[in-house]
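Chemist: quick one, structure for this:
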Amino acid sequence: MSLRERNRHNTLVATQRTAIELFVEHGFDQVKVVDIASTAGMAPSTLYRYFPTKEAIVLWDEYADEYGAAMEEALTRLPPFAALREAFVSSLAGRYESDAEFQLQRVTLLYETPAIHAAATEAHFEDLEDLTTLLEPHLSKKHRAAASLLASAALLAAEWAFDRWQATAAATPLADLVAEAFDHLSHLDELA
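Modeler: This is a model prediction of the structure:
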């Protein structure tokens, strides 16, 4: 990662954390972009360059690139659904546990705020398309059409785990919930 990319990433992280703190303290609908920008020490126009909407601030996941890299690596040595499971458990869930308090606040906002939940549902379709595209080359020609089914199942398993994790205030580690959800669907490895 170049210095410029690192600086951009650090700005995104700091801005998101500032915004989440404000949302938790005052409520998502009561906090304006100008409030976030002012607290983060930037102009609203600068904040909009990083995040086009308030919802996007909450939805941004600083670990998304790590997940993608873990997914690509796991696909080189595991059946597709097992690779999805490993990548979700090790890269995504593991990272959330190391930053549990903040991530729990972020995920809870997503589930409890209708505007953010609606934006997450819309983003889900983009994730589904990206994951399907990533899986297709790793499936036999006979099962290639099932790539979207595998991607949907993986995203649904992750959704189930995140929902249980936030609903129980992280009583069970997210990695364990993700593994449990994927284990219930492990028969999908037969679609390799």
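Chemist: spatially central, which residue of the protein would that be?
Modeler: By C-alpha atoms, centre = their mean, the chain has its centre lying nearest to Asp61, at 5.2 Å.
Chemist: following element in sequence after the helix-or-strand element of the chain with minimal mean pLDDT, please.
Modeler: Here the helix or strand of the chain ranked lowest by mean pLDDT, DSSP states H and E is helix 94-98, holding a mean of 79. Next in sequence after helix 94-98, counting helices and strands by DSSP states H and E, comes helix 100-112.
Chemist: list the buried residues of the longest helix along the chain.
Modeler: Secondary structure assigned by DSSP state H gives helix 3-26 as the longest helix of the chain. The neighbour-count check on helix 3-26 (16 or more other C-beta atoms under 10 Å) flags 11, 15-20, 22-23 as buried. (Glycine included, C-beta is placed from N, CA and C.)
Chemist: could I get those residues as JSON lines with distance to Thr53 and pLDDT?
Modeler: Shown next, in JSON lines, are the buried residues of helix 3-26 (distance: C-beta to C-beta, whole Å; pLDDT from 0 to 100):
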{"residue": "Thr11", "distance to Thr53": "17", "pLDDT": "95"}
{"residue": "Thr15", "distance to Thr53": "13", "pLDDT": "97"}
{"residue": "Gln16", "distance to Thr53": "13", "pLDDT": "97"}
{"residue": "Arg17", "distance to Thr53": "17", "pLDDT": "97"}
{"residue": "Thr18", "distance to Thr53": "16", "pLDDT": "97"}
{"residue": "Ala19", "distance to Thr53": "11", "pLDDT": "98"}
{"residue": "Ile20", "distance to Thr53": "15", "pLDDT": "97"}
{"residue": "Leu22", "distance to Thr53": "15", "pLDDT": "98"}
{"residue": "Phe23", "distance to Thr53": "13", "pLDDT": "98"}
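Chemist: tell me which of those residues is nearest to Ser148?
Modeler: Proximity of the buried residues of helix 3-26 to Ser148 was ranked by C-beta to C-beta; the top entry is Gln16 with 30.0 Å.
Chemist: isn't that closest one right up against Leu59?
Modeler: No. The pair Gln16 / Leu59 is not scored as a contact, 9.6 Å apart, by C-beta atoms under 8 Å.
Chemist: for the nearest residue to Leu110 once chain neighbours are set aside, what are its contacts?
Modeler: Of all residues not flanking Leu110 in the chain, Ile116 sits nearest, at 5.0 Å (C-beta to C-beta, 6 or more residues apart in numbering). Going by C-beta atoms under 8 Å, 6 or more residues apart in numbering, Ile116 touches 28, 55, 58-59, 109-110.
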